[in-house]
Every structure is written in structure tokens, then in C-alpha cells.
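Chemist: Compute the structure for the input listed below.
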Amino acid sequence: MLPLADRLNRGRLLLDGAMGTMLYAFGHSRDEPSAMAVLNAPGTVKKIHAAYRDAGAGLLTTNSFQAHRLALERVGLADRFEVINRTAVTLAREAAEDHCYVMASIGPPGRRLSTLGDRSFGEAERAYREQMALLEALGVDGFLLETFTDLLELQAALQAARDCSRLPVIAAVALVGAQVEERLLTPEAAARVAEAMGAKAVGINCMEPRGAASALTRMRAAPSVPLVARPHAGLPDRNGNYPVTPEEFGRWGVELLGAGANILGGCCGT
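Modeler: Take a look at the predicted model:
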């Protein structure tokens, strides 16, 4: 296999889909942090990775989205930081079987970064550097920064990656609600900042497909790097059912490719 940084520029790639949706289908409790599944149900997590591999995904993402120390502290799991990340990489790598690249999924801090907030830029950056350094040592092929809704948070993660690693970074933002414009996270701004800070691909995730296609069209004029689209299947009802069917999601996949996506996958509900 080519190094991931080279492969990103050579044709389309399929990302995997949601981890949480699959975990719940296997009976994982919604009240338990999904990161704990790698310890409590490693066989299930590996089976999910393998299912996405068999479905044609060329990129598998580790179950480490909320496994940086800031997120683990909130749920009392900071002391499990290393074992959670280590196991997440091991399970994805074993399932990949040299057929897929393994991307480390990394999510936002969970609390807004601000000079007046309870999380500083430096604190977030240090937490990301710690996680990224460990994940790189464990053998991932790159980092997937996803579901960022604040430009400052995205910059902290990108700065950490630039400081501690030479692995390729894909940066995907979730452009949801009026708060996005307040946080200066427009599609164009996100794409330009991410590319300027070294991202090898930029795009969107955790948006409904129609909004994702619109945002991607706006992004297309800004970056010279590949575009990624990883929309969700709509907002679930009280029973956890998502409104966008697999068939409809497939049709939107074609639309997203037409809007410029080079890397295509799915988020919540897919």
C-alpha cells in the first residue's frame, strides 16, 4: 500500500461509517462511554471494523473519538487513557489485515475554548499532543479530526498535529446551527485554515446529507487538497431510529461525489 499521504491524492477512497450505531445494535449501553467498548466488548468492536472492511472501506477509524484526556476526565476514565487508545488501535489494525488504512479518530474538547472559558487553547493543544503522540507510536496511518464546531478548537488540534507528528491529517467540521457563524466556522474558513495548517484533506462530517452537499460545494472553491464528506443519517427519534434510509443515503453519496468529495463515509446512524 502507498503511504496514506500519497494515496489521498490518487482517486477516491471510502471511509467507514458510524461506530456508536453499530455498538448499540450489538447491545452496548447508551449510558456507557463508547470509548469503553474497546475494553468491555473488544470482540464486538473488532467485528464492526471487519464489517466495514468487508463492505469496501479503505479507511478504518479507531474507536478513540473521545479518548483524549479532556474527554476521559469528564467521565472519570482519565486513568484508562493509555489502555483505551492502545486497544482501540490494536482492534482496528487487526481488523484491517493490511487491506485498509487505519485513521485515528479524534474529537473536539467538549467544552468551548475561550479566554473566558474553562478550557484554554494551550490545555486543549497539550491534550491533543499527548493523544496523537501515543496513537502515532501505536502505528496509525493518520489522524481524522472530526465533528469540530469551533475554529479555535480545530486550530488547537491542527497545531498539536503539526508540533508532534508528520502523519497526514484529515480535518472534518460539523457546521450546525447559528452558533457556527458566531464561532467563525464557515465552510470556507474551515477549509482555508485547515489547509494552511497542514491538513492533507478537509471537509465535513456529522451533518445531514443535504446540508453536507451544500457546505462541500462552498468548500470546493477554497482548498487545493482532497475533500471529505461523512454526513449522518438525520436526527434520530426517541427510539434511536434515523430518518435517512440506506437507499437514500446511497443516493446522497452520489450527490456528494458530484459536489467534489474524494473521500466518502458516514457518521451517526449510518
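Chemist: Quick check: R162 vs E125, distance?
Modeler: Counting by CB to CB, to the nearest Å, the gap from R162 to E125 is 10 Å. Every C-beta, even on glycine, is put in place using the N, C-alpha and C of the backbone.
Chemist: out of those two, which sits in the more crowded spot?
Modeler: More crowded of R162 and E125, by other CB atoms under 10 Å: E125, with 21 against 14.
Chemist: ok, now which ones touch the more buried one?
Modeler: When contacts are counted by CB atoms under 8 Å, 6 or more residues apart in numbering, E125 touches A156, A157, Q159, A160, D163.
Chemist: Ranking by neighbours, what's the top pick from these?
Modeler: So for the contacts of E125 (other CB under 10 Å), the most neighbours sit at A157, 30 neighbours.
Chemist: Am I right that it sits in a helix?
Modeler: Yes - counting by DSSP: H, G, I helix; E, B strand; the rest coil, A157 is located in a helix.
Chemist: I figured it hits L145, correct?
Modeler: Yes - counting by CB atoms under 8 Å, A157 touches L145, with 4.9 Å between them.
Chemist: between these two, what contacts are shared?
Modeler: Shared contacts of A157 and L145, defined by CB under 8 Å, 6+ apart, comprise I106, A171.
Chemist: and P187, what pLDDT?
Modeler: For P187, the model assigns a pLDDT of 89.
Chemist: quick one: the helices in this protein?
Modeler: For the chain, the helices defined by DSSP state H cover 4-7, 20-25, 37-40, 42-54, 69-74, 81-96, 121-137, 151-164, 179-182, 187-196, 209-220, 246-258.
Chemist: check contacts around the spatially closest residue to E136 that is not a sequence neighbour.
Modeler: Using CB to CB, 6 or more residues apart in numbering and skipping the chain neighbours, the partner closest in space to E136 is S165 (5.1 Å). By CB under 8 Å, 6+ apart, the contact set of S165 is M132, A133, E136, F143.
Chemist: can you check I106 too?
Modeler: Here I106 is in contact with S64, F65, H68, Y128, Q131, M132, L135, F143, L144, L145, E146, A157 (CB under 8 Å, 6+ apart).
Chemist: in the sheet, who's paired with it?
Modeler: As for beta bridges, I106 partners with L145 under DSSP bridges.
Chemist: circling back to that earlier point, worst mean pLDDT among the helices of the chain?
Modeler: Looking at the helices of the chain, the bottom one is helix 179-182 with a mean of 53.
Chemist: what comes into contact with stretch 11-28?
Modeler: With CB under 8 Å, 6+ apart as the test, stretch 11-28 has contacts from 7, 30, 34, 37, 40-41, 44-45, 47-49, 51-52, 56-61, 63, 65, 103, 144, 228, 230, 232, 240, 242, 257, 261-270.
Chemist: I only care about those that end up buried; give me the PyMOL line for that.
Modeler: Burial among the contacts of stretch 11-28 is assessed by 16 or more other CB atoms under 10 Å; the matching PyMOL selection reads:
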select buried, resi 7+34+37+41+44+45+48+49+52+57+58+59+60+61+63+65+103+144+228+230+232+242+257+261+262+263+264+265+266+267+268+269+270
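Chemist: With distance to A172 added, can I get the helices of the chain in JSON lines?
Modeler: Compiled in JSON lines, those are given as follows (distance: least, CB to CB, whole Å):
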{"stretch": "helix 4-7", "distance to A172": "16"}
{"stretch": "helix 20-25", "distance to A172": "16"}
{"stretch": "helix 37-40", "distance to A172": "22"}
{"stretch": "helix 42-54", "distance to A172": "17"}
{"stretch": "helix 69-74", "distance to A172": "17"}
{"stretch": "helix 81-96", "distance to A172": "18"}
{"stretch": "helix 121-137", "distance to A172": "15"}
{"stretch": "helix 151-164", "distance to A172": "10"}
{"stretch": "helix 179-182", "distance to A172": "14"}
{"stretch": "helix 187-196", "distance to A172": "9"}
{"stretch": "helix 209-220", "distance to A172": "10"}
{"stretch": "helix 246-258", "distance to A172": "13"}
